[in-house]
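Asker: What follows is a predicted protein model with its sequence.
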There are 2 protein chains.
Amino acid sequence: MIPELKTTINSEFLKLENLIIRNSCEIEQWFRSKWLDQEAPFYASVDLRNSGFKISPVDTNLFPAGFNNLNPQFEPLAIQATTIAIEKICPEASKIIIIPENHSRNIFYFKNLLSLTEIFKNAGLEVEIGNLDSSFQKTEYDIENQKIVIYPLKKENNKVFIEKDGVKFTPCSILLNNDLSSGDPKFLKDITQTILPNTSAGWFNRRKSNHFKFYNEVAKEFTDFLNIDEWLINPYFDVHEDMDINNEDDLKIIAEKSEFLLRKIKDKYTKYGIDHQPYLIIKADAGTYGMGIITIQEPSEIMQLNRKKRNKMSTIKDGQKVSKVIIQEGIHSEEILNEAVSEPVVYTIDHYVIGGFYRVHTSKDKNENLNSPGMQFFPTPFEQSCLMPDQGRDCNDPPNRFYVYGVIARLALLAAAREIYG
Amino acid sequence: MIPELKTTINSEFLKLENLIIRNSCEIEQWFRSKWLDQEAPFYASVDLRNSGFKISPVDTNLFPAGFNNLNPQFEPLAIQATTIAIEKICPEASKIIIIPENHSRNIFYFKNLLSLTEIFKNAGLEVEIGNLDSSFQKTEYDIENQKIVIYPLKKENNKVFIEKDGVKFTPCSILLNNDLSSGDPKFLKDITQTILPNTSAGWFNRRKSNHFKFYNEVAKEFTDFLNIDEWLINPYFDVHEDMDINNEDDLKIIAEKSEFLLRKIKDKYTKYGIDHQPYLIIKADAGTYGMGIITIQEPSEIMQLNRKKRNKMSTIKDGQKVSKVIIQEGIHSEEILNEAVSEPVVYTIDHYVIGGFYRVHTSKDKNENLNSPGMQFFPTPFEQSCLMPDQGRDCNDPPNRFYVYGVIARLALLAAAREIYG
């Protein structure tokens, strides 16, 4: 099952999709040339939105969870890509410790850890899970007849390890599945083992605006290559720094910037005959987990923000204060599965697309953020791989739609690679 | 569907299978360390035989056909592995010419070419097919609504090309899907393009005994690593050189060597309580396509070879004379699918296992060669990948059986790598 697009596909967008499908061979060469001297993030998931007139990445996660939501049929693809990544980065590795989110007790997150463990084991690595939190005690969970044990991380001679049945398990490499939004962990500062990905990919260090600055660059190179309007895959954005959400002057500046962005978007809508209502997403530049996010359609809404919304904007995960926001063109989610708004999420290991799933949400509006706290979604795995476009078929047929997802996700991945490795 | 083993599994063999499944993680590390500084053949198919007391490669083909017989579900795995191989060997390549078998007009072979074309296109290479035969004229075939065009190869300034609609198509690389059993092609001698695999992998240059010499080496390293009898995965063999099948003295020597081998095999059968009848395969050392092969159970049969069998032994493909034979322990095929003898064939690209199929033959005996001229077989694709052993299940359950196939095939691949790259 693949979601339907609940809107007429815009002719310019159709042109883009057709260009991508018909030129898949050249696009693969283009990507190959880009990765030639660019290290890829170890793994990633990219949230996409498809409005039928525009498709864009909205979030590029470098510590992806949700591996349990992928189609088991394509697990071999993940295993093969992991084998390749390990061969490149740490070929002599035989053991790895996964560092999970500190405080998660979410059964779905544990399933993600089980899936990751399985993939790494099949790629030839012994895997254990070690929690970074200094107060953590060894904990065992039963997840649908599978046992998962999380150990407290220990350190000695600049090497982290866990103790299992009284025996030290000292890995060659460490896989971070923790987005480090609460800061650069001192515990990992002086260790000599390989950390995948590097801690600099953590949210304490990343800025959404920085990611989208690099995405601008990549999107321009790609659309120049295809000779089509960059806007079709790239949302406009602006930032406002050193701000306080409770300061009227800051709100005024945000409102002005919003007005300017909305005008630019409306011009594009007019140009392409799009009759949707443009909107903006305003979010903490260092934010994650859908916290610190508001949606507006008119600049005036900024000045009228009530206390609740201001509070929502002012803090993000782990209580961090928001001092910089990114104001970004909203992409309407027009993909509908079982009458529910659906957002594709594409997974990569090294620079290979290994699958994806739809985040299907029944109670949200198409303009809202689908990855917000406490939200419930139904994951629907992609039924096919993202690697096999079919030139003989309509560009919205499943293999072609999935291929387009894979292409846009890889553009975001390339942006993330430049962002964290330069 | 997976074939049944029509024999009681020998306890020592069960021990081997269990060792492989339970130690899959260590085995993957072992392979990783082996490939660290060993280039892999670009692609290969490995014919295996499983007798329930022994599993071995019987043929390692470095110009594999039959890609059309693989499970389409795992095509993404082939695409990903091809992408990786291209990135390693010729990352700047954008065009490739496949050189097929010279004279094949077999519809299944054309389907193989279509499958290969599809895989390479999805890995980002423009593909054309060019025939090496100097007298070849451009030919178009319709294969189940798909058009396949084979062009005559041309050469200019040390580069081969084909002419398509009056336009030169000059590739960066050439993929050989022609086993070169008729000799080292002069046409390719001085060209500057990358040839995959190198022409030295051609049958004009390879010797079965040389391959099995390297396989001896690899099998010993692997079984030392697992601490189990090497014989369980390695057939005994000997060779006889500078011979003429019509010379009595040569036949005598072959008979003596056969007697010695049969005695060694019988000792193993006694040791492990195997009540099968041992047999030997005698074949041209440079042979392919199942030509020049005979089967014996007693040394005396050698001296009684009739004219027909001697003739069968004396020439191989393209009329080459046989002057050296390999005398090899026969492996009984005990895998039975729909009451037919089945032989697994495993496919690799670079050093990654990308799938396989069973060659299912209804009219042959289990001790006969299943890849002989004019033979008809029913290809049955592997239903699962060879990458996901399941320690929680019996070692003959499908994912585990497929994993064991993949391991043994990779041992043969490693032997082939040492054979052609040193």
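Answerer: Okay, I see it. Nothing here was measured: the structure is a model prediction, and the numbers come from that model.
Asker: right, and residue A:330 touches residue A:295 too?
Answerer: Yes: Residue A:330 is within contact range of residue A:295, at 6.5 Å (criterion: Cβ atoms under 8 Å). Just so you know, the C-beta spots here come from the backbone N, C-alpha and C atoms, and that holds for glycine as well.
Asker: Of those two, which one has the most company?
Answerer: Using other Cβ atoms under 10 Å in any protein chain shown as the criterion, residue A:330 and residue A:295 rank with residue A:330 on top: 24 against 16.
Asker: gap between the residue lying closest to the more buried one once chain neighbours are set aside and chain B?
Answerer: Closest residue to residue A:330 apart from its sequence neighbours, by Cβ to Cβ, 6 or more residues apart in numbering or on different chains: residue A:279 at 4.1 Å. As judged by Cβ to the nearest Cβ, to the nearest Å, residue A:279 and chain B stand 37 Å apart.
Asker: show me what contacts residue A:279?
Answerer: Going by Cβ atoms under 8 Å, 6 or more residues apart in numbering or on different chains, residue A:279 touches A:295-297, A:330, A:367.
Asker: State the pLDDT value of the residue of chain A positioned farthest from its centre.
Answerer: If you look at how far each residue of chain A sits from its centre, by Cα atoms, centre = their mean, the farthest one is residue A:166, at 38.0 Å. As predicted, residue A:166 sits at a pLDDT of 95.
Asker: burial of whatever residue of the stretch 101-250 of chain A ends up closest to chain B, as a residue count?
Answerer: Evaluated by Cβ to the nearest Cβ, the stretch 101-250 of chain A has residue A:124 as its residue closest to chain B, separated by 2.4 Å. Using other Cβ under 10 Å, the number of residues around residue A:124 comes to 23.
Asker: So what's the gap between stretch A:14-31 and the chain middle?
Answerer: The chain centroid and the centroid of stretch A:14-31 are separated by 23 Å under Cα atoms, centre = their mean, to the nearest Å.
Asker: typo on my end, it should be stretch A:326-337
Answerer: Averaged over its C-alpha atoms, stretch A:326-337 has a centre that lies 15 Å from its chain's centre (Cα atoms, centre = their mean).
Asker: Show the contacting residues for the residue of the stretch 301-422 of chain A found nearest chain B.
Answerer: Shortest the stretch 301-422 of chain A-to-chain B distance, computed as Cβ to the nearest Cβ: residue-wise this is residue A:385, at 3.8 Å. Neighbour list for residue A:385: A:74, A:77, A:353, A:355, A:402, B:75-76 [criterion: Cβ under 8 Å, 6+ apart].
Asker: let's see 10 Å
Answerer: Applying Cβ atoms under 10 Å, 6 or more residues apart in numbering or on different chains to residue A:385 gives the contacts A:71, A:73-74, A:77, A:353-356, A:399, A:402-403, A:406, B:73-77, B:79-80, B:122.
Asker: likewise residue A:250?
Answerer: Residues in contact with residue A:250, defined by Cβ under 10 Å, 6+ apart, are A:240-244, A:302, A:323, A:325.
Asker: pull the CA atoms of the worst-scoring helix or strand of chain A on mean pLDDT into PDB?
Answerer: Ranking every helix and strand in chain A by mean pLDDT, DSSP states H and E puts helix A:307-314 at the bottom, with a mean of 78. Taking Å, rounded to 0.1, in the frame of the first residue of the first chain, the C-alpha atoms of helix A:307-314 are listed here in PDB:
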ATOM      1  CA  ARG A 307       1.600  32.500  27.000                       C
ATOM      2  CA  LYS A 308       1.100  28.800  26.300                       C
ATOM      3  CA  LYS A 309       2.600  29.000  22.800                       C
ATOM      4  CA  ARG A 310       5.400  31.200  24.000                       C
ATOM      5  CA  ASN A 311       6.200  28.700  26.600                       C
ATOM      6  CA  LYS A 312       6.100  25.900  24.100                       C
ATOM      7  CA  MET A 313       8.600  27.900  22.000                       C
ATOM      8  CA  SER A 314      10.900  28.800  24.800                       C
END
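Asker: Just the endpoints, please. Distance across stretch A:284-294?
Answerer: For stretch A:284-294, the first-to-last residue distance is 10 Å (Cα to Cα, to the nearest Å).
Asker: can you give me the mean pLDDT across that stretch?
Answerer: pLDDT averaged over stretch A:284-294 gives 72.
Asker: ok, which stretches of the stretch 251-400 of chain A are strands?
Answerer: Counting by DSSP state E, counting those that start in this stretch, residue ranges of the strands within the stretch 251-400 of chain A are A:280-284, A:293-296, A:325-329, A:335-337, A:340-349, A:352-361, A:378-381.
Asker: Could you tell me the angle between the third one and strand A:280-284?
Answerer: Right, the one you point to is strand A:325-329. Strand A:325-329 and strand A:280-284 are oriented at 160 degrees to each other (axes from the mean of the first three to the mean of the last three Cα atoms, to 10 degrees).
Asker: What is the least confident helix or strand of chain A packed up against?
Answerer: If you count contacts as 3 or more Cβ pairs under 10 Å, 6 or more residues apart in numbering or on different chains; DSSP states H and E, helix A:307-314 packs onto strand A:280-284, strand A:293-296.
Asker: Pull up the pairing partners for the first one, direction included.
Answerer: Strand pairing for strand A:280-284, determined by DSSP bridges: strand A:293-296 (antiparallel), strand A:325-329 (antiparallel).
Asker: quick one: which of the ones you listed is nearest residue A:420?
Answerer: Taking Cβ to Cβ as the criterion, strand A:325-329 is the member of the strands paired with strand A:280-284 that comes nearest to residue A:420, at 17.7 Å.
Asker: Could you check the angle that closest one makes with helix A:307-314?
Answerer: In terms of direction (the same axes, to 10 degrees), strand A:325-329 departs from helix A:307-314 by 100 degrees.
Asker: Would you mark the buried spots in strand A:325-329?
Answerer: The neighbour-count criterion (16 or more other Cβ atoms under 10 Å in any protein chain shown) identifies A:325-329 as the buried residues of strand A:325-329.
Asker: How about stretch A:93-112?
Answerer: For stretch A:93-112, a neighbour-count test (16+ other Cβ under 10 Å) marks A:93-101, A:104, A:109-112 as buried.
Asker: and that stretch, what's its mean pLDDT?
Answerer: 92.
Asker: Could you see whether chain B lies near it?
Answerer: Yes: Stretch A:93-112 reaches chain B (Cβ under 10 Å from any Cβ of the partner chain) through A:93-95.
Asker: So what's the residue count around the closest residue to residue A:394 other than its chain neighbours?
Answerer: Leaving aside its chain neighbours, residue A:394 sits nearest to residue A:400 (7.1 Å; criterion: Cβ to Cβ, 6+ apart). A total of 23 residues lie near residue A:400 under the criterion other Cβ under 10 Å.
Asker: likewise residue A:310?
Answerer: Burial of residue A:310 is recorded as 14 neighbouring residues (other Cβ under 10 Å).
Asker: residues touching it, list them.
Answerer: A:244-246, A:251, A:294.
Asker: swap in residue A:55?
Answerer: Residue A:55 is in contact with A:13, A:16-17, A:20, A:48-49, A:232-234, A:331, A:335, A:344, A:401, A:404-405, A:407-408, counting by Cβ under 10 Å, 6+ apart.
Asker: where do the helices sit along the stretch 151-300 of chain A?
Answerer: With DSSP state H, counting those that start in this stretch as the criterion, the stretch 151-300 of chain A has helices at A:208-226, A:248-271, A:300-303.
Asker: most packed of the ones you listed?
Answerer: Ranked by mean neighbour count under mean count of other Cβ atoms under 10 Å in any protein chain shown, these are led by helix A:208-226, which reaches a mean of 19.
Asker: All good on my end, thank you.
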